[in-house]
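Undergrad: Give me coordinates for this.
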Amino acid sequence: MNEQRPPWAWLFFAQLALVLGASLLATTGHFPVTLFQRSPFDKVGHLLVYGGLSFFAVAFFGHRHRWRVIICLLVLAILEELSQRALPRRTFDVGDLAMNIIGISTFGLAAVTAARLRRARPSRASAPSTREG
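TA: Numbers count the residues shown, from 1 in each chain. As a prediction, the model looks like this:
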């Protein structure tokens, strides 16, 4: 049976654009860092941005590919953070890396749980009618 993608799973593309755009802006020195220089906003930002990407990616690609998606995102996030060592306008930060990993893992598992709950809930079309007539 084909798994039906929830409508909000398409937000994966907006979240991916946000991650790529922020990374590109930071690499070119155009990212507005004023808010993120204050603790804990930088770390919370990493958690939410990468976590959101994981949540929407798992929902978009489906339950069957959940572990592949989460592992792929983890590898890419680690490589992206490590690559910052070679870029003059970027700085490698173990705290950022940790928040990326926690966000991807936690929100990815939340998406897996949401998918299980969604599949366990009977659809409206197949649910027995409780109306008395």
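Undergrad: Tell me how far the one residue sitting closest to the centre of the chain lies from R89.
TA: By CA atoms, centre = their mean, the mean C-alpha position of the chain lies nearest to L53, the distance being 2.0 Å. When distances are taken as CB to CB, to the nearest Å, L53 and R89 turn out to be 22 Å apart. (Glycine included, C-beta is placed from N, CA and C.)
Undergrad: Give me the neighbour count for N100.
TA: 26 (other CB atoms under 10 Å).
Undergrad: Can you say which helix or strand has it in it?
TA: helix 94-120 (DSSP states H and E).
Undergrad: Buried ones in that helix, by neighbour count?
TA: Along helix 94-120, these residues count as buried under the neighbour rule (16 or more other CB atoms under 10 Å): 96-97, 99-101, 103-105, 107-108, 111-112, 115.
Undergrad: Packing partners of it?
TA: helix 41-61, helix 66-83 (3 or more CB pairs under 8 Å, 6 or more residues apart in numbering; DSSP states H and E).
Undergrad: tell me how far it is from the chain's mean position?
TA: In this view, helix 94-120 has its centroid 7 Å away from the chain centroid, taken as CA atoms, centre = their mean, to the nearest Å.
Undergrad: could you give the angle of that helix to helix 41-61?
TA: 30 degrees (axes from the mean of the first three to the mean of the last three CA atoms, to 10 degrees).
Undergrad: Provide a list of residue ranges in the chain with pLDDT below threshold.
TA: In the predicted model of the chain, residues 1-3, 35, 122-133 satisfy pLDDT under 70.
Undergrad: which one of the helices and strands packed on helix 94-120 is the most hemmed in?
TA: Scoring these by mean neighbour count under mean count of other CB atoms under 10 Å gives helix 41-61 as the most buried, with a mean of 21.
Undergrad: Could you list the residues in contact with that helix?
TA: Applying CB atoms under 8 Å, 6 or more residues apart in numbering, the contact partners of helix 41-61 are 5-6, 8-12, 15-16, 18-19, 22, 35-36, 66, 68-70, 73, 77, 95-96, 99-100, 102-108, 110-112, 114-115.
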